[in-house]
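In: Build me a structure from this.
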Amino acid sequence: MQPTDTAPLSLSPSLCEQARLSRDPRFDGLFFTAVLSTGIYCRPVCPAPVPRPENVRYYGSAAAAESAGFRPCLRCRPELSPGDGSWRRGDTVLARALKLVESGFLSEHDVGALATRVHLGERQLRRLFHERLGASPLRVHQTRCLLFAKQLLTETALPVTDVALASGFGSLRRFNAAFRDAYRMPPGQLRRQHGRVEGGTLTLRLGYRPPYDFAAMLDFLQARAIPGVEHIEADSYARLIGCADTPGWLRVSAPADTHQALRLEIHGAAPAQLPDIIARLRRMFDLDADPAAIHHTLAADPRLQPLLQQRPGLRQPGGWDGFEVAVRAVLGQQISVAAARTLATRLVERYGPIVGAAPGKGLERLFPTPDTLASADLTSIGLPRTRAATLQGVAQALLDGRVDFRHDRTLDDFVARWQALPGIGPWTAQYIALRALGHPDAFPAEDLVLQKALPTDGSRLSARALTAQAQAWRPWRAYAVMHLWKQAAGAPRSRIPSETPPTPSLSAA
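Out: Okay, here's the model as predicted:
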């Protein structure tokens with residue numbers, strides 16, 4: 001087999017070779033190994049016998065490998081690889097375009113519309129994709145859809161028609177044709193009979209790149225969990241999803257028998273909802289982070305280096321829903337995490353719809369929607385009038401389209417739009433960007449705990465001085481925030497000045 005030229009790698013070929021031979025999981029998803037003699041491409045962690053070096057080609061993306069005519073390995077399953085966070089995160093044009101592709105934008109729009117959305121010419125965008133990823137935008141989109149279909153065919157017993165719908169194909173005919181063309185077999189041939197759906201519950205794996213501190217992630221979420229909406233145990237997170245008429249639920253856990261992957265159980269979700277659910281969870285649990293890249297940048301600061309060594313797998317906890325995160329952020333202004341959780345619980349008890357046929361474990365309510373809170377009397381739950389007005393303003397601004405949670409927005413644009421709303425200051429806007437967007441460079445410089453945590457002499461930095469010192473941490477400032485918050489979690493809290501709420505507490509894992 002004669003492949004086309006390989007896509008430019010962010011890693012050197014010698015490093016790829018070393019990672020391949022050692023099956024290093026830290027490089028999973030950062031490159032793929034294609035084998036000329038078999039026509040197959042694999043993850044670096046593939047357990048198959050190591051091919052001879054002269055038969056190996058390296059590709060920077062699965063789409064590049066498939067563009068060159070290689071098929072995904074049935075043993076290591078490239079569809080389980082975490083995404084390459086270096087391409088998909090931040091404010092570069094490529095990162096914003098990839099976020100749109102991964103949200104299914106090209107299922108309903110053409111490449112020209114994608115280019116317009118990221119303020120680039122279509123030829124420029126195509127050239128950028130080829131230069132950086134070794135594939136066209138449409139090939140990246142199709143590879144993503146087909147790999148997700150491959151996972152559903154392998155891990156579940158969903159009918160092939162539902163698999164086609166869930167993976168973004170408009171018809172079974174189109175799906176069958178694309179699958180045969182790419183993988184040289186019909187979808188039914190791939191199906192493994194051990195896949196199953198029990199009681200309407202789908203079970204899938206969500207891969208990540210180690211190390212991963214799942215316990216710290218659950219601790220963060222536990223401190224903010226809203227009874228009735230979420231339920232967190234020692235090894236799992238569960239919540240209700242959907243609407244009151246057709247509710248569903250999901251559970252994310254870290255089983256001992258699954259390496260470098262979380263287990264996702266979903267009940268009551270339509271096939272077409274699966275891509276959005278999985279995208280939300282990958283963002284919420286920060287599953288596409290590249291710890292090595294983050295460590296490389298942050299460890300250059302002597303203040304952060306010991307924190308990274310202590311918690312190498314600390315991630316950036318996100319939120320399930322942007323509006324929910326925004327409401328939590330406003331509720332938390334100038335009060336403790338526990339007090340904010342109390343207010344959020346009251347809000348849900350008064351305005352959150354009750355679902356029928358709840359799955360148990362206290363899951364019985366959904367979080368209120370913007371149209372509900374836009375006209376609600378929020379002083380009835382104990383909110384000051386100004387805070388209630390801010391929440392109503394946030395809800396109305398979302399309904400009007402003045403603010404949103406578009407992941408293709410730059411951080412500066414997102415923050416500026418939110419700060420234009422009454423009652424939303426820099427801390428709140430950056431906190432929303434950190435948790436709702438999962439933006440890796442979100443940085444609430446007005447946070448008092450950060451200002452006091454960074455110096456080691458007991459002094460306090462101004463927001464301007466803190467921002468200046470944090471420039472060296474870009475584009476991973478949000479991870480520095482998480483490490484400093486984690487270290488300061490046990491320290492006594494001081495009085496929080498105007499607009500800046502107490503920093504979210506990360507209890508020890």
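In: need the next SSE after the lengthiest helix in the chain, C-terminal direction.
Out: Secondary structure of the chain per DSSP state H: the longest helix is helix 137-155. Of the helices and strands lying after helix 137-155 in sequence (DSSP states H and E), the nearest is helix 160-166.
In: number of nearby residues for residue 107?
Out: 14 (other Cβ atoms under 10 Å). Backbone N, C-alpha and C define where each C-beta goes, glycine included.
In: Now it. Nearest residue, chain neighbours left out?
Out: Distances taken as Cβ to Cβ, 6 or more residues apart in numbering put residue 168 closest to residue 107, at 4.7 Å, once the chain neighbours are dropped.
In: contacting residues for the one you found?
Out: Residues near residue 168 by Cβ atoms under 8 Å, 6 or more residues apart in numbering: 104, 107, 141, 145, 148, 275.
In: Let me see the mean pLDDT of the longest helix of the chain.
Out: On average, the pLDDT along helix 137-155 is 95.
In: Mind jotting down where the helices sit in the stretch 101-250 of the chain?
Out: Listed in chain order, the helices found in the stretch 101-250 of the chain under DSSP state H, counting those that start in this stretch are 105-108, 111-117, 122-133, 137-155, 160-166, 172-183, 187-190, 214-224.
In: Of these, which is nearest residue 471?
Out: Residue 471 lies closest to helix 122-133 among the helices of the stretch 101-250 of the chain, at 24.9 Å (Cβ to Cβ).
In: what helices or strands is that closest one leaning on?
Out: The elements that helix 122-133 packs onto, with contact taken as 3 or more Cβ pairs under 8 Å, 6 or more residues apart in numbering; DSSP states H and E, are helix 93-102, helix 111-117, helix 137-155.
In: Point out where this protein drops to low pLDDT.
Out: 1-9, 192-199, 357-358, 360, 490-509 (pLDDT under 70).
In: Please identify which of the helices and strands packed on helix 122-133 is closest to residue 332.
Out: helix 93-102 (26.8 Å).
In: CA atoms of that closest one as CSV?
Out: What follows is helix 93-102, C-alpha atoms only, in CSV (Å, rounded to 0.1, in the frame of the first residue of the first chain):
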residue,chain,number,x,y,z
VAL,A,93,-8.8,29.5,14.3
LEU,A,94,-8.2,25.7,14.1
ALA,A,95,-9.4,25.1,17.6
ARG,A,96,-12.6,27.1,17.1
ALA,A,97,-13.3,25.4,13.8
LEU,A,98,-12.7,21.9,15.3
LYS,A,99,-15.2,22.7,18.1
LEU,A,100,-17.8,23.5,15.5
VAL,A,101,-17.0,20.3,13.5
GLU,A,102,-17.3,18.2,16.7
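In: Now do that helix against helix 122-133, angle only.
Out: Between helix 93-102 and helix 122-133, the angle comes out at 90 degrees (axes from the mean of the first three to the mean of the last three Cα atoms, to 10 degrees).
In: tell me, how many neighbours does residue 131 end up with?
Out: Here the number of neighbours of residue 131 (other Cβ under 10 Å) works out to 11.
In: where's it relative to residue 15, distance?
Out: When distance is defined by Cβ to Cβ, to the nearest Å, residue 131 is 20 Å away from residue 15.
In: I'd say residue 237 and residue 221 touch.
Out: Yes - Residue 237 lies in contact with residue 221 (Cβ atoms under 8 Å); the separation is 5.9 Å.
In: returning to what we had before: make CSV out of the contacts of residue 168 and add distance to residue 190.
Out: CSV is the format used below for the contacts of residue 168 (distance: Cβ to Cβ, whole Å):
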residue, distance to residue 190
104, 22
107, 22
141, 20
145, 15
148, 13
275, 19
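In: Spell out the residue ranges of the strands in the stretch 151-300 of the chain.
Out: Shown for the stretch 151-300 of the chain, the strands assigned by DSSP state E, counting those that start in this stretch span residues 201-207, 230-233, 236-242, 247-253, 261-267.
In: Output those as TSV; include the columns mean neighbour count and distance to residue 323.
Out: Output for these, formatted as TSV (neighbours: other Cβ atoms under 10 Å; distance: least, Cβ to Cβ, whole Å):
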stretch	mean neighbour count	distance to residue 323
strand 201-207	20	24
strand 230-233	18	15
strand 236-242	22	14
strand 247-253	21	18
strand 261-267	19	21
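In: Mark which of the contacts of residue 168 are buried, thanks.
Out: 104, 141, 145, 148, 275 (16 or more other Cβ atoms under 10 Å).
In: for the helices of the stretch 101-250 of the chain, which one ends up most surrounded?
Out: Per-stretch averages of neighbours, counted by mean count of other Cβ atoms under 10 Å, single out helix 137-155 among the helices of the stretch 101-250 of the chain, with a mean of 22.
In: gap between residue 202 and residue 281?
Out: Taking Cβ to Cβ, one finds residue 202 at 13 Å from residue 281.
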